[in-house]
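In: just the structure for this:
(chains A, B, C and D)
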Number of protein chains: 4
Amino acid sequence: MVRIQVPQRCPRITKSMQYKYLFFNDYSEGAHPRILETLNRTNSVQELGYGEDSFCTEAARLIKDKIGNQDVGVYFVSGGTQANIIALASMLKAYESVISATSAHINMHEAGAIEATGHKINTVKTTDGKLTPENIQEIVSEHTDEHMVKPRVVFISQSTEVGTIYKKSELEQISRVCKEYGLYLYLDGARLGSALTSSDADMELSDIAKLVDMFYIGGTKNGTLLGEAIVIVNQTFKENFRYHIKQRGALLSKGRLLGIQFVELFRDNLFFELALHENVLAEKLSKGLAACGYNFLVNSTTNQIFPILPNSAIEKLKIEYGFYVWATIDATHSAIRLATSWATKEEAVDAFLDDLKEIS
Amino acid sequence: MVRIQVPQRCPRITKSMQYKYLFFNDYSEGAHPRILETLNRTNSVQELGYGEDSFCTEAARLIKDKIGNQDVGVYFVSGGTQANIIALASMLKAYESVISATSAHINMHEAGAIEATGHKINTVKTTDGKLTPENIQEIVSEHTDEHMVKPRVVFISQSTEVGTIYKKSELEQISRVCKEYGLYLYLDGARLGSALTSSDADMELSDIAKLVDMFYIGGTKNGTLLGEAIVIVNQTFKENFRYHIKQRGALLSKGRLLGIQFVELFRDNLFFELALHENVLAEKLSKGLAACGYNFLVNSTTNQIFPILPNSAIEKLKIEYGFYVWATIDATHSAIRLATSWATKEEAVDAFLDDLKEIS
Amino acid sequence: MVRIQVPQRCPRITKSMQYKYLFFNDYSEGAHPRILETLNRTNSVQELGYGEDSFCTEAARLIKDKIGNQDVGVYFVSGGTQANIIALASMLKAYESVISATSAHINMHEAGAIEATGHKINTVKTTDGKLTPENIQEIVSEHTDEHMVKPRVVFISQSTEVGTIYKKSELEQISRVCKEYGLYLYLDGARLGSALTSSDADMELSDIAKLVDMFYIGGTKNGTLLGEAIVIVNQTFKENFRYHIKQRGALLSKGRLLGIQFVELFRDNLFFELALHENVLAEKLSKGLAACGYNFLVNSTTNQIFPILPNSAIEKLKIEYGFYVWATIDATHSAIRLATSWATKEEAVDAFLDDLKEIS
Amino acid sequence: MVRIQVPQRCPRITKSMQYKYLFFNDYSEGAHPRILETLNRTNSVQELGYGEDSFCTEAARLIKDKIGNQDVGVYFVSGGTQANIIALASMLKAYESVISATSAHINMHEAGAIEATGHKINTVKTTDGKLTPENIQEIVSEHTDEHMVKPRVVFISQSTEVGTIYKKSELEQISRVCKEYGLYLYLDGARLGSALTSSDADMELSDIAKLVDMFYIGGTKNGTLLGEAIVIVNQTFKENFRYHIKQRGALLSKGRLLGIQFVELFRDNLFFELALHENVLAEKLSKGLAACGYNFLVNSTTNQIFPILPNSAIEKLKIEYGFYVWATIDATHSAIRLATSWATKEEAVDAFLDDLKEIS
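Out: Modelled structure (predicted):
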């Protein structure tokens, strides 16, 4: 069985290293130039603080329009862990827990942030990072009385931490099971752009909003300097939501910084165009790798791919490219993660594939 | 593979039910008569509150003597979940976590009490409820940086939640691994009496105290009305420990109630005698069941045993005996849990075995 | 202005000290003999654990009868700090706070237990330990937006930490203000017995239950070994309340211990008789002190009184009586606290007054 | 007595309003142009995430140089509430508390963020927002045992929430008292720039670092889009500090955004120049108001001033200027708060003073 390694942190990059490109992640560069331009242009306008500025108002309006639902609440915070802390703390009572995949960001890579707000995570081991209705039913059925926590929120990521996506029918089934058992459904959309523009996608933003109680639209990994837009669909949770934001230290004084960026992403289709760009380049990488005869740890149609390579090839590629070694497959093979971003250039992808062919 | 079921809560007992005996657990009766006598005798003596009475002082002294270490700290609290909350909260920094078996009480049956103090539990699936040095090493090696929690305490139970015990060599190995990795070792001794007097035991109280940083000696499941004695071996944690007790609501005004009971348990060998009584009767049950040809889910030499019976036999036994159905083995068999207590009479065990033979 | 001192902890009592009587507090002795008798008598009966035993059921029924409301929820926990932690945690969302007097037990003497569950206490300085409707209105009016906590529960004690009580009209006014502002009203009844049987009392248990959302009836300071009965009036909070109890470590395995004691207190009028006894003796002390010409820090008609004495007299009394020095009045005078209990004998009161006269 | 009002939130600004200038706060505009230029220039450089980029490294080096101490730890987070949450959570054990003025940001305006991490705040009422050594001693002396929290950190703001500053001798005395009582000293420097460049200032950054255990240098209110630099002086707290940052959701993926801004502030004297600009304009406002015969609620030499004006004048000024009404002085007078920022133009100050003269 494939043993997922916890990826070691990337090596310290020093000036003397001459990387051709870093595929470490989708936040190695700054923001899309249009965002910087608007920040410059609006810089001297005086605005109210704490997200009550006209840009945040406008950005919320644009997102509501894209979703096709004027009743949702839209709130901007600076990062994904923050979004998850706030969203879950707002939905859970003291004794309630959240169900997630073991590989979920909240379980693996948030340094116990959810537990620090007092809540247990009930985890399910998966191979593709996706929960099934059966996983949820099983956990609910195991929690029978007050000696145990009471599961109340289902946490899913779209795309998942391993690049996979939920199809519409899958999300519908999960949504149905949640309703049946009185659970809330929350979707971490750190990479929602990439999921919605995947070649395999069959949902729009409006579909997501119909099936979950709360979700967030990731900006940081989709072209902004920082910023995530929390969307509250279930009206119950809109009341006093800003108190949660403030209490967790996420109410930026210059909230305009978040508003401006989301206005740029959603005043036309920039959000989707940037995501599509990521996917297209990731797909080019995938096809190139497959053409060289390599397999993948999971099938991903989003901007993170996990090819399995001989360790010898990995060692050579590491000299000029940045990426994580993700999993040990056998004595001589490992899976690596390659991530593309809004800023990745086709030249970088071509160079990687050329160098790969050479060493294969 | 055997699928451990979450035991359903026992049915409401009504007056009209005529149980021969309840083997549900080891806290179905009150306290050992000697404890009640001393409570009566000392009732009108005036004492200081909050555990600063002369009985608590005396009980602590007796326990230190039994351990053979005058430097340990001894503190009394009313229950096991409370003991675990306080002990772990005193040892962990905000970002630190505790390693335990999935079946550990803190993970399964404390309603998220540990997470409610802000800490994650890193769990390991086991078949016998026991952690191995390798389990610990693996979890430590998976936690590499500040994106994840930092494991700091290893939680073990002696006896475990499924009746098994750690042998001395096993505990020594775990202790060594903990020291090597800078982890603290904490032992939940809710059923420590039963573990130390098991036919399989090769340790004394003093051995436990040499190998762990903190542990507690269970009273509730060993003959008291309530009460657990937390023993702090690692001097670091003695400082201000009473603040933790108070903050979690565990500093009883009439702390004498706890002191008096532990004086009775430890002024001679009552603690061990009561535990041995439990074990002897559990062993008689085990042998009787084995003689009838039944197997067990796990091999237990303590006061909880888990025989596998035909569902038809279980249905019949349920009429006159109380016990939990613990695990589904196959379509026609289940494992049940039988627990004996300080108060269980041999007649009850004999009756159960007689009735079992009859229906076998 | 009188400066309330934080009372220093009482001196360690050693065997060589020959105290005539300790007036330190109302929990220096054990339980009322009738309680011990019933514990003895029922000791070998097998019962379900965790408060699902027949004694807890019966005790809850008796309390509901006394209150005259079968719809309230009744839950038993072992101590007052625990009761407060659980009650408040069950009523508050993450960003909500509780309003109390600065002198309130939750603010002064619970080692930050409420804050440890994540909630701020908004305090009001008072001279008599009692909140007024104006205090509440002022705090509410100061909390205007999400940059501040949102006050949601009003915490009062009856009797208060300085022995005073709310009259019915006062409690009605507070209750009305709470309803007007959407606040919940919670009453800490650690010394509710003494309050209800005070010579100044104009309320019964049923009146309390009509005016608050939740309260607890103190057993520890009214004749039990331990135990408080939380009464939930507001139906909202009954749902899943036992999860809160379990999560905070307050669900005793042998819950029968609590049930039995409250059955004894409420199967007739023992609860009120014991409280009245305390009050009568405290009143005798008060009258004796007043007859000697001494004044009081506050006017108390319950079992805690706060006479102001010359420091020279205090020094002499300290030799044979135990009590706290509570407040410095001026260079030569201090207020002390004298507390009577269910077990205090009239002889002890007489001796104290005799000795006082002698040194006056 | 002057009654400090909780300032009402500013009115919603609509397009139709024609404000001459908003003196609401010091974060109404964006960032200093030089910061935006550098963000633009470095946008396409690939960097590691989570503050491990070369800009954060460089910014930390520059700050260490300015402080003149290479051993301090420097960490960047996005906001002041976040900085306070992380700093205090890293310094406090579960039962420990923080001492602050009632008016402290952590007590008044962080929605219970500190309590949400489990810690009580022990507050002292002050008229000028400043703690004295006596305040600290008094609180420490009131907290005597484990029934109460244990004060461990002293929180001060420089400049304070009402614009005042600690002189060097005052800070030295507080530092000395903290050392004497085993307390840590933490300084909230949201407006540290303004404090250090005040006409009344007698300290440099290096002085602060010698006297406190931890502090933060505010960027948001001193010319950045967002960002505060936490400086750890006490080596104890450097270990694993990044875990705290991550756990509270404050480890930005694109940490470069913070690094770049602090490089710009500290690669020369921009940080101090911007602060001085604020102070100079605030002083001009103060002098102009004084020249018109107005008094002040507190004497401030930083960028927040609190003049007392007739309500009639306030009503008129409100039409064209934005500011908070801060305190009711008497039936016809109130104090208002005027804040200047790095971006305030002298013309705005002149216009305000001209308009004021006209209506005086």
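In: can you give me the helices in the stretch 101-250 of chain A?
Out: With DSSP state H, counting those that start in this stretch, the ranges of helices along the stretch 101-250 of chain A come out as A:105-108, A:113-116, A:133-142, A:168-181, A:192-196, A:205-211, A:241-247.
In: and the longest one with chain B, contact?
Out: No - for helix A:168-181, no contact with chain B is found by Cβ under 8 Å from any Cβ of the partner chain; the gap never falls below 15.7 Å. The way it works is simple: take the backbone N, C-alpha and C, and place the C-beta from them, glycine included.
In: which residues of the stretch 51-200 of chain A fall in strands?
Out: Taking DSSP state E, counting those that start in this stretch, the strands of the stretch 51-200 of chain A run over residues A:73-77, A:96-101, A:121-124, A:150-157, A:184-188.
In: run through the neighbouring helices and strands of the third one.
Out: Translated: strand A:121-124. Secondary-structure packing of strand A:121-124 (3 or more Cβ pairs under 8 Å, 6 or more residues apart in numbering or on different chains; DSSP states H and E): strand A:96-101, helix A:105-108, helix A:133-142.
In: give me that answer again for 10 Å
Out: Here strand A:121-124 touches strand A:96-101, helix A:105-108, helix A:133-142, strand A:150-157, going by 3 or more Cβ pairs under 10 Å, 6 or more residues apart in numbering or on different chains; DSSP states H and E.
In: and the first one, by the same measure?
Out: The helices and strands touching strand A:73-77, judged by 3+ Cβ pairs under 10 Å, 6+ apart, are helix A:54-67, helix A:80-91, strand A:214-218, strand A:228-232, helix A:241-247, helix A:256-266.
In: give me that answer again for 7 Å
Out: Packing partners of strand A:73-77 (3 or more Cβ pairs under 7 Å, 6 or more residues apart in numbering or on different chains; DSSP states H and E): helix A:54-67, strand A:228-232, helix A:241-247, helix A:256-266.
In: and of these, who's closest to chain C?
Out: Closest of the helices and strands packed on strand A:73-77 to chain C is helix A:241-247, at 3.7 Å (criterion: Cβ to the nearest Cβ).
In: does the closest one come close to chain D?
Out: Yes - Helix A:241-247 reaches chain D (Cβ under 7 Å from any Cβ of the partner chain) through A:243, A:246-247.
In: closest to D:K93 among these?
Out: For the residues of helix A:241-247 next to chain D, the residue nearest D:K93 by Cβ to Cβ is A:Q247; the value is 21.5 Å.
In: the closest one: how many residues sit nearby?
Out: The local packing of A:Q247 (other Cβ atoms under 10 Å in any protein chain shown) involves 30 other residues.
In: buried ones in stretch A:94-106, by neighbour count?
Out: Neighbour-count burial for stretch A:94-106 flags A:94-101, A:103-106 (criterion: 16 or more other Cβ atoms under 10 Å in any protein chain shown).
In: that stretch and chain C in contact?
Out: Yes - using Cβ under 7 Å from any Cβ, we find that stretch A:94-106 touches chain C at A:94-95.
In: quick one: contacts of that stretch?
Out: Contact with stretch A:94-106 is made by A:84, A:88, A:92, A:107, A:114, A:118-126, A:129-131, A:136, A:139, A:149-155, A:157, A:161-162, A:188, B:111-112, B:116, C:89, C:240, C:243-244, C:247, as judged by Cβ atoms under 7 Å, 6 or more residues apart in numbering or on different chains.
In: now with 6 Å?
Out: Contacts to stretch A:94-106, defined as Cβ atoms under 6 Å, 6 or more residues apart in numbering or on different chains, come from residues A:84, A:88, A:107, A:114, A:119-126, A:129, A:131, A:136, A:139, A:149-155, A:161, B:111, C:89, C:243, C:247.
In: residue contacts, A:S206?
Out: Neighbouring residues of A:S206 by Cβ under 6 Å, 6+ apart: A:67-68.
In: export the helix ranked longest in chain A to CSV, keeping only CA atoms.
Out: Secondary structure assigned by DSSP state H gives helix A:270-291 as the longest helix of chain A. As requested, the backbone C-alpha atoms of helix A:270-291 are provided in CSV (Å, rounded to 0.1, in the frame of the first residue of the first chain):
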residue,chain,number,x,y,z
LEU,A,270,-10.7,37.3,-13.8
PHE,A,271,-11.2,34.8,-10.9
PHE,A,272,-12.1,32.0,-13.4
GLU,A,273,-9.5,33.0,-16.0
LEU,A,274,-6.7,32.8,-13.5
ALA,A,275,-7.9,29.4,-12.2
LEU,A,276,-8.2,28.1,-15.8
HIS,A,277,-4.7,29.2,-16.6
GLU,A,278,-3.4,27.2,-13.6
ASN,A,279,-5.4,24.1,-14.7
VAL,A,280,-4.3,24.3,-18.3
LEU,A,281,-0.6,24.3,-17.4
ALA,A,282,-1.1,21.6,-14.8
GLU,A,283,-2.8,19.5,-17.5
LYS,A,284,0.1,20.1,-19.9
LEU,A,285,2.4,18.9,-17.2
SER,A,286,0.2,15.8,-16.6
LYS,A,287,0.0,14.9,-20.2
GLY,A,288,3.8,15.3,-20.7
LEU,A,289,4.5,13.1,-17.7
ALA,A,290,2.0,10.5,-18.9
ALA,A,291,3.6,10.6,-22.3
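In: can I get the strands of the stretch 51-200 of chain A in a markdown table with mean pLDDT?
Out: Output for the strands of the stretch 51-200 of chain A, formatted as a markdown table (pLDDT from 0 to 100):
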| stretch | mean pLDDT |
| --- | --- |
| strand A:73-77 | 98 |
| strand A:96-101 | 98 |
| strand A:121-124 | 98 |
| strand A:150-157 | 98 |
| strand A:184-188 | 98 |
